[in-house]
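*Asks:* Build me a model from this:
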Amino acid sequence: MDAVHLVARHGGALDRRRLHELGATDHDLRRALKAGALNRPRRGWYSTWPERDPRFRAMRVGGRLTGISAVAALGGWVLDRHPLHVAVPTNAARLRNQWRRDLRRADARDDNVVVHWVSLAHDRGSSTGMVELSEAVELVCRTATAEQAIAVLDWVRRTGRLDRIELAALRERLGPRRWLVDASTDDCDSLPESLARTRLRAAGVQVSTQVAFADGLERIDLVLEGAVAVEVDGDEFHRDSFEEDRARDLAITRVGLHAVRPSARRVFGHWPEVQDAAVRALRERGILVDLHNSGVAQVRRPATRRESAPPGLRPRAAPELWRRRRTARGKQRE
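*Replies:* I've put the predicted structure just below:
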């Protein structure tokens, strides 16, 4: 019996008892281990994952990937590096270091692991190495920053990994943090675009996403206050599209908007420069924005205004209300 095929078919990890039930013998297991086709994350368990795979390391600790680590393993939108987040049963014992099966976690100085005690049941017989995605996303919403949580929600909505029913259930479970689901969208194309939208809204800027373009092109990533178009460039999508991007900038200008095109690296590492440029572009259009230092409340209730659509932009079906702004002369209506 091909032990490697059995393990791969059942999620990536099986224990010895389950392998015997499926027809594998100890000789099959020894041969697969010697060939390097199987590895042992814990005593009695066999896996097809390489030792550096985060699922393998989570199982070595004594649980499964969860939270931001599970999202990263699935290719989700994750900002920066994070410790390994592992969900373990509340009655788990003999937790190990993620790098050494013979080293107890209690004896390790710092193994860069965050343990979440989540349930009473162990994996029985087989394991996929990670919790359900909805559980991982819920943990991200409860423990990560607002911009990281919203980026993960944007990703699951954009890729369809969670459907509307699952998102609605997640929203109810989040309680006071349900506003994170409301702040996410299903038409965001990338992590830097998600970060730019969240940060600008947190600063007090009204942001419309994926605005329809009526000049023979597609949509604009972000439109600020109905006057400034922000298109976030990323290496994956814009490396070989210089001429197309310049044509889009010209088209954006022709429909009456100011074009701002920051790179993904600028969004990740030099955000204040990007925000200052966007605010300056708004001021040049006569729009004064009072920026906020702490953006969480503003992300929950982003400022709104009604702006007459420039030529070439489709008007909104339900225009929003004007917003009062504070200037040097006091409050006045724009």
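
*Asks:* in the stretch 201-334 of the chain, which spans are strands?
*Replies:* Taking DSSP state E, counting those that start in this stretch to define them, one finds strands in the stretch 201-334 of the chain at 207-211, 220-224, 228-230, 258-260, 324-327, 330-333.

*Asks:* what's stretch 174-181 in contact with?
*Replies:* Residues from elsewhere that reach stretch 174-181 (Cβ atoms under 8 Å, 6 or more residues apart in numbering): 138, 141-142, 146, 149-150, 153, 167, 170-172, 299-300. In short, each C-beta sits where N, CA and C put it, glycine included.

*Asks:* tell me which of those residues is nearest to residue 225?
*Replies:* Nearest to residue 225 among those is residue 299, at 16.5 Å by Cβ to Cβ.

*Asks:* Looking at that closest one now. What's its pLDDT?
*Replies:* Residue 299 carries a pLDDT value of 63.

*Asks:* What of residue 303?
*Replies:* Confidence for residue 303, expressed as pLDDT, is 50.

*Asks:* What of residue 111?
*Replies:* Residue 111 is assigned a predicted lDDT (pLDDT) of 81.

*Asks:* residues contacting the residue nearest to it when sequence neighbours are not counted?
*Replies:* With sequence-adjacent residues excluded and distances taken as Cβ to Cβ, 6 or more residues apart in numbering, residue 111 is closest to residue 97, at 4.9 Å. Residues near residue 97 by Cβ under 8 Å, 6+ apart: 60-61, 103-105, 107-108, 111.

*Asks:* neighbour-wise, which of these leads?
*Replies:* Among these, residue 60 has the most neighbours (other Cβ atoms under 10 Å), with 26 neighbours.

*Asks:* you'd agree that one is up against residue 98?
*Replies:* Yes - when contacts are counted by Cβ atoms under 8 Å, residue 60 is listed as touching residue 98 (5.8 Å).

*Asks:* Can you give me the separation between residue 283 and residue 42?
*Replies:* Distance of residue 283 to residue 42, computed by Cβ to Cβ, to the nearest Å: 60 Å.

*Asks:* if you count what's nearby, which of these two comes out ahead?
*Replies:* A side-by-side neighbour count of residue 283 and residue 42, using other Cβ under 10 Å, places residue 42 first with 17 against 11.

*Asks:* residue ranges with poor pLDDT in the stretch 1-150 of the chain?
*Replies:* Scanning the stretch 1-150 of the chain for pLDDT under 70 picks out 1, 120-122.
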